[in-house]
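Q: structure for the following, please:
(one chain, ligands or ions: 1)
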Amino acid sequence: MSTITISGLDYTELEAVLATGIDHGGNPIEPFIEADRGWPLRCCLTESEPGDEIAIIAWSPFPWKGAYAETGPVVVHAQPCGGPTSSDLPTDLDQRSMTLRPYGHDQRIAYHHVRHVPAEESLSDHLREMLAEDDVDFVHGRNTTGGCFSFSANRC
Ligand SMILES: [Zn+2]
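A: Residues are numbered from 1 along each chain as shown. The predicted structure follows:
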């Protein structure tokens, strides 16, 4: 079993994108204040607090370009927040239902390793098993219903 490290968006790149005001899809970033609900933030892997200034932006969470490097919606703090405080999977995320989508060294989805994990199972355990496979480069946690990017898991 390999040791894993968890990350959200590339934080250095996110700071640069926030500074330009234009997301990966070419859209203007439009911050708003959410008064009621917590949004899953991909900058720091927390949930928003009432009153936080946040934005829904188009993002491509890949270290390379190519046909499989799609761009999709993520929610972030609209101002730099410092990013995650740990490289471990946050406890509240570990118990969530999630689609785990692995990518191979060929920069394609490793479809034969995709897992749909129900809420009562440990995502960390599944991620360790998947990253022990030689043909898996890294794994994305994706929202089970919408497919939205949640986090990236890599070997240490
Ligand atoms: Zn944040």
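
Q: domain-wise, how is this structure divided?
A: Following automatic domain parsing, the chain resolves into domains at 8-77, 87-155.

Q: I'd like the average pLDDT over the last one.
A: This predicted structure assigns domain 87-155 an average pLDDT of 96.

Q: do it and the ion meet?
A: No. Applying C-beta under 5 Å from the ion, one finds domain 87-155 out of contact with the ion, separated by at least 12.2 Å. (C-beta placed from N, C-alpha, C; glycine too.)

Q: phi, psi of Tyr111?
A: Per-residue torsions, Tyr111: phi -60, psi -40 (degrees, to the nearest 10).

Q: enumerate every residue touching it.
A: By C-beta atoms under 8 Å, 6 or more residues apart in numbering, Tyr111 lies in contact with nothing.

Q: same thing with Val76?
A: By C-beta under 8 Å, 6+ apart, Val76 lies in contact with Leu9, Leu14, Leu18, Leu41, Arg42, Cys43, Ile54, Ala55, Ile57.

Q: give the buried residues for stretch 6-21.
A: Judged by neighbour count (16 or more other C-beta atoms under 10 Å), stretch 6-21 contains these buried residues: Ile6, Ser7, Gly8, Leu9, Asp10, Tyr11, Leu14, Glu15, Val17, Leu18.

Q: ok, Cys81 - how many residues close by?
A: When counting by other C-beta atoms under 10 Å, one arrives at 18 neighbours for Cys81.

Q: before we move on, what SS does it have?
A: Here Cys81 is recorded as coil under DSSP: H, G, I helix; E, B strand; the rest coil.

Q: 32 is where my numbering starts, stick with that
A: Understood, numbering begins at 32; the last thing we discussed is Cys112.

Q: wait, it sits on Arg73?
A: No. Using C-beta atoms under 8 Å, Cys112 makes no contact with Arg73, being 10.9 Å away.
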